[in-house]
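Student: 3D, please:
(one chain, ligands or ions: 1)
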Amino acid sequence: MKVDIITIFPRMVEAGLAEGVVGRARTSGLIDIAVHNLRDFTTDKHHVVDDVPFGGGPGMVMKPEPFFAALAHIREHRGVPDAVVMLTPAGTPLTQAGARRLVGVSHIVLLCGRYEGIDERVREALATEELSIGDYVLSGGEIAALAVVDAVARLVPGVVGDEQSVDGDSFTRGLLDYPHYTRPAEYEGRQVPGVLLSGHHGEIRRWRRQAALERTVERRPELLADAALDADEHEWLSKRSKS
Ligand code: 6GU
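Tutor: Purely as a prediction, here's the structure:
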């Protein structure tokens with residue numbers, strides 16, 4: 001999978017890509033990510049990337065030309081991308097299903113905006129889609145781009161060592177995750193649930209499924225509509241709602 005990120009803060013993006021699962025995926029060659037400094041695609045002496053909004057009002061707007069030049073550079077040197085994603089709070093909210101779709105797209109460009117926004121002609125002429133990472137405002141698309149790359153990269157086969165770990169993830173089944181414990185079995189008077197120490201793998205599986213379900217009902221009941229539940233879990237849910 002190939003990703004190009006266009007930003008005015010390339011060091012911030014590089015720092016976020018250097019560690020952990022994404023960092024290892026890059027060094028091992030499983031993903032090819034290039035970060036481009038938008039200012040390198042300006043033609044004026046001071047490398048200006050923003051300008052005042054037509055119509056007036058507060059703040060600045062990112063100029064269209066550097067984005068068009070950066071995309072032309074990427075097409076020439078990195079190939080024609082399959083998707084050009086603009087990061088904006090006005091975009092489609094990213095979901096786990098959205099990440100699974102993007103992992104099937106071989107070459108993605110991510111456009112990070114700052115200031116009040118990007119000139120609308122960039123969206124019209126260059127962007128194939130717009131993504132948001134949630135209903136709050138970030139001061140730029142960089143953190144959102146890192147979130148998109150992380151969510152997608154860990155779905156690339158081989159990037160997360162244990163594929164079972166990805167399959168069992170919260171949201172892969174459409175539920176929140178169950179609680180996790182490690183040693184010691186008692187800590188500051190708090191016991192690890194006995195079933196987890198029992199060695200009964202069937203019982204442990206059932207306890208975890210129920211704990212995941214319970215958390216989801218308590219915290220995010222709206223997720224249940226699309227969750228993959230088995231007969232046991234449906235029964236447990238209907239019993240619970242009666243009590
Ligand atoms: Cl993609 N960009 C910005 N600036 N803020 C956001 C966002 C994106 N997603 C949520 N908030």
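
Student: ok, and the closest non-adjacent residue to residue 203?
Tutor: Distances taken as Cβ to Cβ, 6 or more residues apart in numbering put residue 195 closest to residue 203, at 5.3 Å, once the chain neighbours are dropped. C-beta coordinates here come from the backbone N, C-alpha and C atoms, glycine included.

Student: next one: residue 36
Tutor: Nearest residue to residue 36, sequence neighbours excluded (Cβ to Cβ, 6+ apart): residue 6, at 4.9 Å.

Student: so which elements touch the host helix or strand of that neighbour?
Tutor: For residue 6, the host element (DSSP states H and E) is strand 2-7. Counting contacts by 3 or more Cβ pairs under 8 Å, 6 or more residues apart in numbering; DSSP states H and E, strand 2-7 is packed against strand 32-37, helix 64-78, strand 107-112, helix 142-153.

Student: pop the domain breakdown of this protein in here.
Tutor: Structural domains annotated on the chain: 2-153, 171-242, as defined by automatic domain parsing.

Student: which positions in the longest helix along the chain come out as buried?
Tutor: Ranked by residue count and defined by DSSP state H, the top helix of the chain is helix 201-219. For helix 201-219, a neighbour-count test (16 or more other Cβ atoms under 10 Å) marks 204, 207, 208, 209, 210, 211, 212, 213, 214, 215, 216, 217 as buried.

Student: with stretch 70-90 instead?
Tutor: Under 16+ other Cβ under 10 Å, the buried positions of stretch 70-90 are 70, 71, 74, 78, 81, 84, 85, 86, 87, 88, 89.

Student: restrict the residues you listed to contacts with the ligand.
Tutor: Among those, proximity to the ligand is found for 87, 88, 89 (Cβ under 6 Å from any ligand atom).

Student: which residues does the residue nearest to the second one when sequence neighbours are not counted bridge with?
Tutor: Leaving aside its chain neighbours, residue 88 sits nearest to residue 130 (5.3 Å; criterion: Cβ to Cβ, 6+ apart). Under the criterion DSSP bridges, residue 130 forms beta bridges with residue 86.

Student: which residues are in contact with residue 130?
Tutor: 85, 86, 87, 88, 90, 91, 92, 123 (Cβ atoms under 8 Å, 6 or more residues apart in numbering).

Student: okay, these in a markdown table with distance to residue 172 next?
Tutor: Listed next are these as a markdown table, based on distance: Cβ to Cβ, whole Å:
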| residue | distance to residue 172 |
| --- | --- |
| 85 | 22 |
| 86 | 27 |
| 87 | 24 |
| 88 | 27 |
| 90 | 28 |
| 91 | 23 |
| 92 | 20 |
| 123 | 32 |
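
Student: nearest to residue 146, of those?
Tutor: residue 87 (9.8 Å; Cβ to Cβ).

Student: need the pLDDT of that closest one.
Tutor: Looking at residue 87, its pLDDT is 98.
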